[in-house]
Every structure is written in C-alpha cells, then in structure tokens.
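*Asks:* Just the structure for this:
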Amino acid sequence: LQKVKNDLEMVLSTVQSKNKQLEEDLKREQQWNEEQKQMLETLKKTEEETNTEVEHPSKKREFNELKNKVLKLKTFKKELLSALGEFLDEHFPLPEESENTKKKESFAKPDVELITLQEILEMLINKLITTPHEPYVTISESFWPPYIELLLRCGMALRHPEDPNRMRLQAFHK
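*Replies:* This is a model prediction of the structure:
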C-alpha cells in the first residue's frame, strides 16, 4: 500500500506539474491569440485606410485629367479662332475706299466704320450662346451689306421673320 501510495503521489505530482505546464501553455496561447487578433484588427484598419486613400487619389487624378482636357480644349479653341480670323482677314477683307467712291459718297453718306466679317460672326455666336431664347442681332450701318448677304445665302444666318433689320446665326448645334 505504501508503495502504491508513493506511486500515486508521484503520479499526482507529475500530473500537477503537467497541469501547471499546460496552464502556462494555455496562457501563452491565449496571449498569442490576443496578439493575433490585435494584429488582424490593425491590418483591417490599415487596409480600409489604404482603400480610402486609393479612392481619393483616383478622384484627384480624374479631376486633373478633366482639368487638362479643358485646358487642351481651350487652347484648341483659341487656335481655331485665330485660324478663322486669319482666314477671314485674308479672304474677306473690308472694302477699301478709292478716290472715286469717296467723291461720290462724300455728300450722300456720312462715314461709318464698317466691322469685319469676323466681328459680325463673333457677335452672332456670342448672342446665340448668351441668350439662346433671343439670338437676334440688330443689323446696323456698320455691317457691310455684302457680308450680310453672304451669311444669309450660305445658310449661316437667318433673318427675323417679322423684322428684316435683325438676323441670327443658324443653330447648327441643335
């Protein structure tokens, strides 16, 4: 019995030491588990922050791309307008007054400064864009009649149905 008792005490002490070791292992594993959970939470937060940061730069990038496109369009518009101005100046100059016409018209009409075809077109375009509900421009004496006829015959401009002294640009964009 004594021997069995000693053996059992020894087994008990072994089991208790094993139990203590297992409890320490359990504590260590629980601590490791907590650290892993914290690390996972930190990684999730970092991922969310990265995703939001990725979305914002893409919006900024899109905004910058649109801004660059607008700038390119503005420069293209300026180039087109300058090319149109050069074309109109070359092919549609204002009439030059010779001595014969000065003598004949000097007593008939006072001198009126005529405006170029480019200025007429700019007035018509600006009027159409700024006030699309009332795009008509009043034809004044400064409009050279052959330019008006040219615009009307080419279908670029239309006269007002009730007032022949008013005209508007044909709305090609509609």
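*Asks:* In this protein, what helix or strand scores lowest on average pLDDT?
*Replies:* Ranking every helix and strand in the chain by mean pLDDT, DSSP states H and E puts helix 99-105 at the bottom, with a mean of 49.
*Asks:* Next one: Pro135 from Phe172, what distance?
*Replies:* Shown here: Pro135 relative to Phe172, a distance of 12 Å by Cβ to Cβ, to the nearest Å. (Each C-beta comes from the backbone N, C-alpha and C, glycine too.)
*Asks:* More neighbours: which of these two?
*Replies:* Between Pro135 and Phe172, Pro135 has the larger neighbour count (other Cβ atoms under 10 Å), namely 21 against 8.
*Asks:* center of this structure - which residue?
*Replies:* Residue closest to the mean C-alpha point of the chain, counted by Cα atoms, centre = their mean, is Leu66 at 3.9 Å.
*Asks:* Using the three-state scheme, assign Glu29.
*Replies:* What DSSP: H, G, I helix; E, B strand; the rest coil gives for Glu29 is helix.
*Asks:* Kindly report the same for Arg168.
*Replies:* strand.
*Asks:* what sits against it?
*Replies:* By Cβ atoms under 8 Å, 6 or more residues apart in numbering, the residues touching Arg168 are Leu124, Lys127, Leu128, Pro135, Tyr136, Val137, Ala157, Leu158, His160.
*Asks:* Report the buried members of those.
*Replies:* Leu124, Lys127, Leu128, Pro135, Tyr136, Val137, Ala157, Leu158 (16 or more other Cβ atoms under 10 Å).
*Asks:* Show me what the host helix or strand of Lys60 is packed up against.
*Replies:* Secondary-structure assignment from DSSP states H and E places Lys60 in helix 2-91. Applying 3 or more Cβ pairs under 8 Å, 6 or more residues apart in numbering; DSSP states H and E, we find helix 2-91 packed against helix 117-130.
*Asks:* wait, Leu128 sits on Pro135?
*Replies:* Yes: counting by Cβ atoms under 8 Å, Leu128 touches Pro135, with 4.4 Å between them.
*Asks:* Sounds good, over and out.
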